[in-house]
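Visitor: kindly generate the corresponding structure for this input.
(chains A and B)
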Amino acid sequence: ETGVTQSPTHLIKTRGQQVTLRCSSQSGHNTVSWYQQALGQGPQFIFQYYREEENGRGNFPPRFSGLQFPNYSSELNVNALELDDSALYLCASSQGQASTDTQYFGPGTRLTVL
Amino acid sequence: AQSVTQLGSHVSVSEGALVLLRCNYSSSVPPYLFWYVQYPNQGLQLLLKYTSAATLVKGINGFEAEFKKSETSFHLTKPSAHMSDAAEYFCAVSEAGNQGGKLIFGQGTELSVKP
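Guide: Model (predicted):
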């Protein structure tokens, strides 16, 4: 186990709704990254937060937003859900923002949009 | 743009046989490379990483990978497969100096191990 936890484990929403996913980082880590993994695909980078500020963003629309809190836990918010948002959402924490810093992944939140 | 290609979406080996999972990357600057494993209904676990030190990298569970710049490859190997190695394997790349620590993943290779 990595010490990274995510909640909830599973979630079912309908198109147009909004969702919030949560992540607690490993002790001592100040950086959190979020990834979307569609079925049968590799994870796709959504964004990263370093010390409460967004520090890099992938090719995702603005309806994907996030927050990082002073204790370095994080939230991913998705507005106006679409069917294609159905995926496993992975959170990863690391000691820093460097390219060499290992990212430790949580078990993920499985989101289903109907 | 950076990309990672994993040749073979499914690889099947017999228990005790050599495991070889292929990964090629495209990057205009020296990359850092990672292999992760994902068991069903779980997150990703780091097997090993290359960060410009030794080109032959040893990881957990008997896996190793060799960085070959001339071939832009970072193939994962294990001399003898165990049943417990059955999982999905992902190769990922991060560019040196990349702010934001973005990992770019390949499509994954599902490894099956036959008794």
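
Visitor: contact partners for the residue nearest to A:Ser27 when sequence neighbours are not counted?
Guide: With CB to CB, 6 or more residues apart in numbering or on different chains as the criterion, A:Ser27 has its nearest non-adjacent residue at 6.3 Å, and that residue is A:Gly3. In this view, the C-beta of every residue, glycine as well, is placed from N, C-alpha and C. Residues near A:Gly3 by CB atoms under 8 Å, 6 or more residues apart in numbering or on different chains: A:26-27, A:104.

Visitor: nearest to chain B among those?
Guide: A:Tyr104 (7.3 Å; CB to the nearest CB).

Visitor: separation between A:Tyr49 and B:Thr72?
Guide: 31 Å (CB to CB, to the nearest Å).

Visitor: please enumerate the strands of the chain.
Guide: Looking at chain A here, since you left the chain open. A:5-7, A:10-13, A:19-24, A:31-37, A:44-50, A:53-57, A:64-68, A:74-78, A:87-94, A:104-105, A:109-113 (DSSP state E).

Visitor: try chain B instead
Guide: B:3-5, B:10-14, B:19-21, B:24-26, B:31-38, B:44-50, B:56-58, B:64-68, B:73-78, B:87-95, B:104-105, B:109-114.

Visitor: and the first one, which strands flank it?
Guide: When you say that, I think you mean strand B:3-5. Strand B:3-5 has its sheet partners listed here by DSSP bridges as strand B:24-26 (antiparallel).

Visitor: quick check: buried residues in the partner strand?
Guide: Buried positions in strand B:24-26, judged by neighbour count with 16 or more other CB atoms under 10 Å in any protein chain shown: B:24-25.

Visitor: what do you get for stretch B:92-108?
Guide: With burial defined by 16+ other CB under 10 Å, the residues of stretch B:92-108 counted as buried are B:92-95, B:98, B:100-108.
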